[in-house]
Every structure is written in C-alpha cells, then in structure tokens.
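K.L.:
Predicted model and sequence below, questions to follow.
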Amino acid sequence: MKQTKQAGAAALPKSGYFAMVCILIAGSLWGCLGLFNRHLSALGIAPETVVMLRNLGACLILGLIFLVYDRSIFRIRLRHLPIFLCSGLISILFFTLCYFRSQQVSSLAVAAILLYTAPTFVVILSALLWKDRITKRKLAALVLAFLGCCFVAGILNGALTLTPEGLLLGIGSGLFYSSYTIFGRFALKHYQPFTVTFYTFLIAGIGSLFMTSPGDLSTTFHSPMGILLSLGLMVVGTVIPYLLYTKGLSDLGDSGKASILASVEPVVASLVGIAAFGEPMTLGVVLGLVCILASVYILR
C-alpha cells in the first residue's frame, strides 16, 4: 500500500504559486552555500570533508526530527530502494564529485554554465517519461534562465576556455544535478517529500564515507566558528532547501518548470559574493538577474 502524504504535508496549501515560492526559496538558499563553503575552506576543511559533512549532517538532522515528529516517514518498501539509491548516489554524490572536479579543471564560470544545462535535461526527460508538454512559454523560460546563468558566470568578458575533460565533467554535473528532479518525481508517486529527502541523504551520506575518513571531521569542530558554519551548511544550505524543493516539486507536478525556477541559485550566489565578500557588481550579474526574473514571470 502506498504511503499517504500526511504527517504535516497535507496541511500545506496545494496552490501552484505556493509550490513555486517553495522552489524559489530553495534555489535562493542553495545560492547561499558559498557563504558556508568559503569560510569552511578558509578553516582548512577539504572539499571532500565538506561533502561528507553536508550529507551525513543532513541525514542525522532529518532523522532526529522525524524520529520525534512522525516515525512513519521512515517506512519504505524494499522494491523502491533502487529509486533512493539512484537519488542519493547519482543525484547528490556523483553530482558533487563531478561539479567539484569540473571547478578544478575549468574556470568557475564554465563549471557554472555547464551545471545549468540541468533544466534542459529535465525538460527533455520529463517529456519522454511523463509526456510533459514542451510549451513555447517553457522553452522561452528555459532559454532565458540559461542565458541568465551565462551572464552571471561572466560570459560577457569573452575569456571562457574549455577542455574536453572540463566539458564532460560539466555536462555530467548538469545531468546528475537534473536527475534529483527525475528520481524525486518517481519517488513522490509513493512517498511524501519528507521520506524522499531523508532516504536520499541517508544513501548519499553512506556513499560519502568512501570519499574521506570520518576522522577528518575533527578539524571542523575545533572552533565554535567551525561548528556554526557546519550547522549553517547542513540546515540552511541543505535540509531546508531540499525539503522545500521536494515539496514544491510534489505540488507543482511539472519537473521542467521546477528545475527552471531553481535557476535563481546562481544569481543569489553572485549577490552573496557581492554582499559578503566584496565581489564587484558586474553588468553580467544585472543582466543575469533580469533574465532569470523574466523566466520566473513567464512561468507564473
């Protein structure tokens, strides 16, 4: 018997606008990840350790909340385990590995642009798997969102370079990133958003253990600042946005639209860089913001 979508989820409004707001907030919070990552890096925390911290920490926090809130959230059928294996390993772990490596072999701008091929993958796969219509409005929003990401990444300066390895890793990161929306939609046919998010991070957390030793986490907790940054990474940058995105995807029922709306992330990331790290406000950031806001308006 399918798990019913209750335990608090049913109390939320089913309005499409509410779902869009959830996804926009999720994308905005993902855009704040750099605030935590950059400071953790300054404390000497390796990227692989940050990944393990994020995945295991999110799983632990979600598990403790649901243990008190509603233990029925933990119930799944074994035949659905492959869905969570895919969402945890492919959508979270493989995506992170590809994206980090892409940033190492290419410029950050190139890595960001290729990452945001994700909505294109989602729109195409959704049309093939669920016969979602590729409307003119959706295509226009898709083009505007991708163009906005290109502007934010600095394509206007004309200095972008690309290697074959960088291209493959970048497209791989976009494909794996997009797969969370696809696997999530399969899982949401049987489970509520809380269950989907918890098991995704449980699998991703277990997979992260093979990337680095749990002993490496000791460096993170040497100072109060490290603890606060870690909590921010786990709660603000991971738990809340993934719950909101999964909830929004569940209510919206349109994978392509959800993925396009989440493209607000790079704009917020740029604004965080400007506000928190003194990065310059460029014409590209302004044009990117306009393009992505226009794509959101088209999808309203």
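P.N.:
Okay, I see it. Keep in mind that what you see is a predicted model, and the values were worked out from it rather than measured.
K.L.:
and Leu67, how many neighbours does it have?
P.N.:
The tally of other residues near Leu67 (other Cβ atoms under 10 Å) stands at 11. For the C-beta atoms, the positions are set from N, CA and C on the backbone; glycine is no exception.
K.L.:
any idea which helix or strand carries it?
P.N.:
Under the criterion DSSP states H and E, the helix or strand holding Leu67 is helix 47-69.
K.L.:
now for that helix, which elements pack on it?
P.N.:
Applying 3 or more Cβ pairs under 8 Å, 6 or more residues apart in numbering; DSSP states H and E, one finds that helix 47-69 contacts helix 33-42, helix 95-105, helix 193-208, helix 224-234.
K.L.:
Residues contacting the helix or strand containing Ala276, please?
P.N.:
With elements delineated by DSSP H and E, Ala276 resides in helix 264-277, which encompasses its position. Helix 264-277 is touched from outside by 24, 27-28, 30-35, 38, 112, 116, 148-149, 152-153, 279-281, 285, 288-289, 292, 296, with contacts defined as Cβ atoms under 8 Å, 6 or more residues apart in numbering.
K.L.:
If we use 7 Å, what do you get?
P.N.:
Surrounding helix 264-277, the residues in contact under the criterion Cβ atoms under 7 Å, 6 or more residues apart in numbering are 24, 27-28, 30-32, 34-35, 112, 116, 148-149, 152, 279, 281, 285, 288-289, 292.
K.L.:
Kindly give a single PyMOL line that selects the buried subset of those.
P.N.:
Selection of the buried residues among the contacts of helix 264-277 in PyMOL, burial being defined by 16 or more other Cβ atoms under 10 Å:
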select buried, resi 24+27+28+30+31+32+34+35+112+116+148+149+152+285+288+289+292
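K.L.:
Just to be sure, which of the contacts of helix 264-277 are found in helices?
P.N.:
Using DSSP state H to define helices, the subset of the contacts of helix 264-277 located there is 24, 27-28, 30, 34-35, 112, 148-149, 152, 285, 288-289, 292.
K.L.:
Report the two of those residues separated the most.
P.N.:
Taking every pair in the ones in helices among the contacts of helix 264-277 and measuring Cβ to Cβ, the maximum separation is 20.8 Å, between Leu35 and Gly148.
K.L.:
By mean pLDDT, flag the weakest helix or strand of the chain.
P.N.:
helix 108-115 (a mean of 79; mean pLDDT, DSSP states H and E).
K.L.:
That one: which residues count as buried?
P.N.:
Neighbour counts over helix 108-115 (16+ other Cβ under 10 Å) mark 109-115 as buried.
K.L.:
quick revisit: to Ser179, which of the helices and strands packed on helix 47-69 lies closest?
P.N.:
Nearest of the helices and strands packed on helix 47-69 to Ser179, taken as Cβ to Cβ: helix 95-105 at 7.6 Å.
K.L.:
who are the neighbours in contact with the closest residue to Cys86 other than its chain neighbours?
P.N.:
Closest residue to Cys86 apart from its sequence neighbours, by Cβ to Cβ, 6 or more residues apart in numbering: Phe183 at 5.0 Å. Taking Cβ under 7 Å, 6+ apart as the criterion, Phe183 is in contact with 83, 86-87, 91.
K.L.:
Could you identify which of these has the most neighbours?
P.N.:
Each of the contacts of Phe183 was scored by neighbours using other Cβ under 10 Å; the highest score is Ser87's, at 27 neighbours.
K.L.:
hang on, Phe100 packs against Thr49?
P.N.:
No: judged on Cβ atoms under 7 Å, Phe100 makes no contact with Thr49 at a distance of 11.7 Å.
K.L.:
Give me the more crowded residue out of those two.
P.N.:
Counted by other Cβ under 10 Å, Phe100 and Thr49 do not tie: Thr49 has more neighbours, with 22 against 16.
K.L.:
Now that the more buried one has come up, it's in contact with Ser213, right?
P.N.:
No: here Thr49 lies out of contact with Ser213, judged by Cβ under 7 Å, at a distance of 8.8 Å.
K.L.:
any idea how far stretch 22-35 is from the chain center?
P.N.:
On the basis of Cα atoms, centre = their mean, to the nearest Å, stretch 22-35 sits 8 Å off its chain's mean C-alpha point.
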